[in-house]
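Asker: Structure here, sequence nowhere to be found:
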């Protein structure tokens, strides 16, 4: 089940645009990108933001995903560092950034950040989120398995 | 601006079905309900869940909302307690619960929880979330105001 859940996690976060990243004790909305054959999540931010400064030191950071639309919820523990990988930036750029980054890839304020998930608690829903969440709560009381989706912990290599 | 943002916050969270609630150091997906002329958020859970046990003691808890669809992101600090208010349960029930709570309002496992927001950091977007989030990051660097939405801190009475 853990491998299935890991696959579901990976598939679904590709379609979710944003999560909440913990930086200096605050949770701030961030947009993540996923690139094929690459286990990381990628963020683009501006230099000198609290997030870029934290990543410059290479820190552990929590990232939360909560999407009714895609039926995925996750509490992720991972590490983040700044990256100057131009090739990776090209890939990430192709996915999301080109339409909104005003001055393009050469913008001197741009900072690519690499996030490496280490472990996560994941909930994947089929159908309505609300019913699923109640089923999970109920399962904890009755010992039954929730029958509308999956929930568990995964670790990443 | 803080009052405008508070109004936007209130209006938009009514349309968002789920968030992530911090319980015993974990963030777990929960479905909240908002009732007219009532400043609280309401949760329905099963008795004996970690959340119900924490609420039974009356604890401070963080609740995060992250919705691209509704253009609202929030990092909320508040207090939660269990509630045996049958009238309130009737109201909350009418909003969300009736379709999925198997044994109805008389289910002995059911536990109503009242969450009181104390303060929040709120982001409200118009149009695409990704562009807005970059504008916010960029604004911190350049000192300009983001022009696609609002961001700020609000406190609740």
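Answerer: Sure, I can see it. Note that the coordinates shown come from a computational prediction; the quantities given were computed from them, not determined experimentally.

Asker: At which residues are the strands of chain A located?
Answerer: Here chain A has its strands, by DSSP state E, at A:18-23, A:26-33, A:41-46, A:59-67, A:72-83, A:110-125, A:149-155.

Asker: Output the below-cut-off pLDDT ranges for chain A.
Answerer: Along chain A, the parts satisfying pLDDT under 70 run over A:1-2, A:94-105, A:127-148.

Asker: out of the strands of chain A, which comes closest to residue B:15?
Answerer: strand A:59-67 (14.5 Å; Cβ to Cβ). (C-beta placed from N, C-alpha, C; glycine too.)

Asker: So residue A:56 is in contact with residue A:82, correct?
Answerer: Yes - if you go by Cβ atoms under 8 Å, residue A:56 and residue A:82 touch, sitting 5.1 Å apart.

Asker: between the two, who's got more neighbours?
Answerer: A direct count of neighbours by other Cβ atoms under 10 Å in any protein chain shown for residue A:56 and residue A:82 places residue A:82 higher, at 20 against 15.

Asker: how close does the more buried one get to residue A:152?
Answerer: 32 Å (Cβ to Cβ, to the nearest Å).

Asker: and the residue nearest to residue A:85 when sequence neighbours are not counted, how many residues sit next to it?
Answerer: Excluding its sequence neighbours, the residue lying closest to residue A:85 (Cβ to Cβ, 6 or more residues apart in numbering or on different chains) is residue A:112, at 6.8 Å. Applying other Cβ under 10 Å, we find 22 residues neighbouring residue A:112.

Asker: again with the one 5 residues further on
Answerer: Residue A:117 sits with 21 neighbouring residues when counted by other Cβ under 10 Å.

Asker: residue contacts, it?
Answerer: A:39-41, A:63, A:76-78, A:156 (Cβ atoms under 8 Å, 6 or more residues apart in numbering or on different chains).

Asker: Find the nearest non-adjacent residue to it, please.
Answerer: Nearest one to residue A:117, counting by Cβ to Cβ, 6+ apart, is residue A:78 at 4.4 Å.

Asker: who's in contact with the one you found?
Answerer: A:41, A:60-63, A:115-118.

Asker: For it, give its distance to chain B.
Answerer: From residue A:78 across to chain B, the span is 14 Å (Cβ to the nearest Cβ, to the nearest Å).

Asker: Repeat that for residue A:92.
Answerer: In terms of Cβ to the nearest Cβ, residue A:92 sits 12 Å off from chain B.

Asker: Could you do residue A:22 as well?
Answerer: Residue A:22 is 9 Å from chain B, by Cβ to the nearest Cβ.

Asker: residue contacts, that residue?
Answerer: Here residue A:22 is in contact with A:61-63 (Cβ under 8 Å, 6+ apart).

Asker: Enumerate the beta-bridge partners assigned to it.
Answerer: residue A:27 (DSSP bridges).

Asker: Residue A:120 now?
Answerer: According to DSSP bridges, beta-bridge pairing links residue A:120 with residue A:76, residue A:154.

Asker: Could you measure from it over to residue B:42?
Answerer: Residue A:120 is 28 Å from residue B:42, by Cβ to Cβ.

Asker: coming back round to it: can you narrow the contacts of residue A:22 down to the ones near chain B?
Answerer: By Cβ under 8 Å from any Cβ of the partner chain, the members of those lying near chain B are residue A:62.

Asker: who wins for most neighbours among the contacts of residue A:22?
Answerer: Neighbour max across these (other Cβ under 10 Å) = residue A:63, 23 neighbours.

Asker: on that earlier part again, so how do I select the buried members of the contacts of residue A:117 in PyMOL?
Answerer: Those of the contacts of residue A:117 that count as buried under 16 or more other Cβ atoms under 10 Å in any protein chain shown are selected in PyMOL with:
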select buried, chain A and resi 40+41+63+76+77+78+156
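
Asker: of the contacts of residue A:117, closest to residue B:106?
Answerer: residue A:76 (38.2 Å).

Asker: list the contacts for the closest one?
Answerer: Here residue A:76 is in contact with A:62-65, A:117, A:119-120 (Cβ under 8 Å, 6+ apart).

Asker: same thing but at 10 Å, please
Answerer: By Cβ atoms under 10 Å, 6 or more residues apart in numbering or on different chains, the residues touching residue A:76 are A:9, A:13, A:19, A:21, A:41, A:61-65, A:115, A:117-122, A:154, A:156, B:27.

Asker: So for residue A:4, which of the strands of chain A sits nearest?
Answerer: Of these, the one closest to residue A:4 (Cβ to Cβ) turns out to be strand A:149-155, at 7.2 Å.

Asker: If you count neighbours, what's buried in that closest one?
Answerer: A:149-151, A:154.

Asker: possible to save those residues as JSON lines with distance to residue A:49?
Answerer: Formatted as JSON lines, the buried residues of strand A:149-155 follow (distance: Cβ to Cβ, whole Å):
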{"residue": "A:149", "distance to residue A:49": "35"}
{"residue": "A:150", "distance to residue A:49": "35"}
{"residue": "A:151", "distance to residue A:49": "33"}
{"residue": "A:154", "distance to residue A:49": "29"}
